[in-house]
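Engineer: build me a structure from this.
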Amino acid sequence: MLLTVINLSACDDQKKKSGQVVARINGEEITAPQLEAELRYASRLQDDGAAPRQAMREQAVEALIDRQLLLGEALRNKIDRDPALILIIERFKTQAIVQAYLESKAGNQEQPGKAEIDGYFQAHPEMFSRRKVFEVEQLIIADQDFSAPLKAMMDTSKSLSQVAAWLQKNKIAHVQRQYSYSSADLPPEVGNRLQTLGRSRLFVMKDGQRDLLCALTELRDSPVAADAARPQIERYLMNKKMQEIALAEITRLRSAAKLEYMEKPAGSIDSRGMPVAATSPGKQQAEVNKSMEVSGVAGFK
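Structural biologist: Now for the predicted structure:
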């Protein structure tokens with residue numbers, strides 16, 4: 001929605017420009033250039049099982065209509081005058097300009113070759129050829145509620161249902177769920193540890209301010225073929241190269257800049273912020289659907 005606001009914040013000027021009109025909503029026009037921009041953006045996020053162009057076009061038109069209706073209502077309610085929103089819009093506008101600049105610096109960078117893609121595939125069997133899926137039953141509690149008595153009880157328990165009963169008896173708030181991880185989602189040491197545990201063994205994983213009391217219920221092979229992995233790996237390697245370009249450019253500009261801190265940042269904090277994130281290919285599809293950030297899993301207690 002925020003990116004949408006940026007795109008539409010100057011919509012009056014855009015619509016005065018010549019271009020075929022594809023729809024009108026309450027007198028406001030959606031033009032062919034707007035639709036093409038929407039399709040270009042959608043194609044960058046599209047999964048490998050891409051929808052046919054005509055279907056994508058129809059979906060994009062409907063999305064633009066819905067967006068225009070919401071924008072009109074927001075403007076009528078003067079949401080665009082909120083100072084906090086103005087700052088957010090400016091931030092995303094700055095990011096978009098920076099991204100465009102870095103893409104211009106990258107120029108026509110070469111696509112990763114077959115040898116490079118195959119090399120990555122071979123070097124990461126846990127993401128592809130030896131990918132595994134872990135079905136895990138979980139009880140989610142607040143980090144501060146994990147205590148020595150709870151750990152001692154888990155050490156002697158035979159099932160997670162016994163742990164749930166103990167939590168209920170001790171009035172500790174918890175949520176129960178079934179969750180799937182793949183070996184591509186987890187740090188290698190965590191995935192290896194899970195494989196050695198065996199079914200029904202209890203263990204604890206940490207996720208931010210939450211503790212996940214877990215029991216492994218199923219472990220199965222779920223390999224990804226080289227042909228299926230190739231587009232994901234290609235995108236990852238392209239993004240990684242873009243990230244390297246960004247880092248080199250930031251380093252160059254910082255070395256020439258006169259930088260003055262009014263308040264010195266904490267020494268351990270990297271304040272630069274990279275405009276391009278190179279997500280490892282084994283995680284790309286998982287990150288679309290998952291309901292929690294497994295990348296924050298720190299390991300076992």
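Engineer: tally up the residues packed near Thr115, please.
Structural biologist: Thr isn't right for residue 115; it's Ala. Each residue near Ala115 was counted by other C-beta atoms under 10 Å, and the total is 8. (Each C-beta comes from the backbone N, C-alpha and C, glycine too.)
Engineer: low pLDDT regions in the protein?
Structural biologist: 1-19, 44-51, 265-301 (pLDDT under 70).
Engineer: helices along the stretch 1-150 of the chain, start to end?
Structural biologist: Chain-ordered helices for the stretch 1-150 of the chain, with DSSP state H, counting those that start in this stretch as the definition, fall at 2-9, 11-16, 32-45, 53-76, 83-106, 114-123, 148-156.
Engineer: same deal with the stretch 201-301 of the chain?
Structural biologist: Remark: helices of the stretch 201-301 of the chain, listed N- to C-terminal, are 226-256, 284-289; assignment by DSSP H, counting those that start in this stretch.
Engineer: pick the most deeply packed of those.
Structural biologist: Comparing these by mean neighbour count (mean count of other C-beta atoms under 10 Å), helix 226-256 comes out on top with a mean of 15.
Engineer: now that helix: how far from the chain's centre is it?
Structural biologist: When distances are taken as C-alpha atoms, centre = their mean, to the nearest Å, helix 226-256 is centred 16 Å away from the chain's centroid.
Engineer: elements contacting it?
Structural biologist: With contacts taken as 3 or more C-beta pairs under 8 Å, 6 or more residues apart in numbering; DSSP states H and E, helix 226-256 sits against helix 83-106, helix 114-123, helix 284-289.
Engineer: let me know the angle separating it from helix 83-106.
Structural biologist: Angular relation of helix 226-256 and helix 83-106 on a 0 to 180 degree scale: 100 degrees, by axes from the mean of the first three to the mean of the last three C-alpha atoms, to 10 degrees.
Engineer: hang on, the earlier thing: most packed of the helices of the stretch 1-150 of the chain?
Structural biologist: helix 2-9 (a mean of 16).
Engineer: stretch 201-215: which residues count as buried?
Structural biologist: Along stretch 201-215, these residues count as buried under the neighbour rule (16 or more other C-beta atoms under 10 Å): 202-207, 210-215.
Engineer: just curious, which of these is nearest to Ala123?
Structural biologist: Nearest to Ala123 among these: Met205, at 26.0 Å, using C-beta to C-beta.
Engineer: you'd agree the closest one is up against Gly191?
Structural biologist: No - no contact is recorded between Met205 and Gly191 when judged using C-beta atoms under 8 Å, the distance being 11.6 Å.
Engineer: please report how far Asp118 lies from Ile88.
Structural biologist: Taking C-beta to C-beta, to the nearest Å as the criterion, Asp118 is separated from Ile88 by 42 Å.
Engineer: check contacts around Gln209.
Structural biologist: Taking C-beta atoms under 8 Å, 6 or more residues apart in numbering, we find Gln209 in contact with 142-143.
Engineer: same thing but 10 Å
Structural biologist: Counting by C-beta atoms under 10 Å, 6 or more residues apart in numbering, Gln209 touches 142-144.
Engineer: no further queries at this time; thank you.
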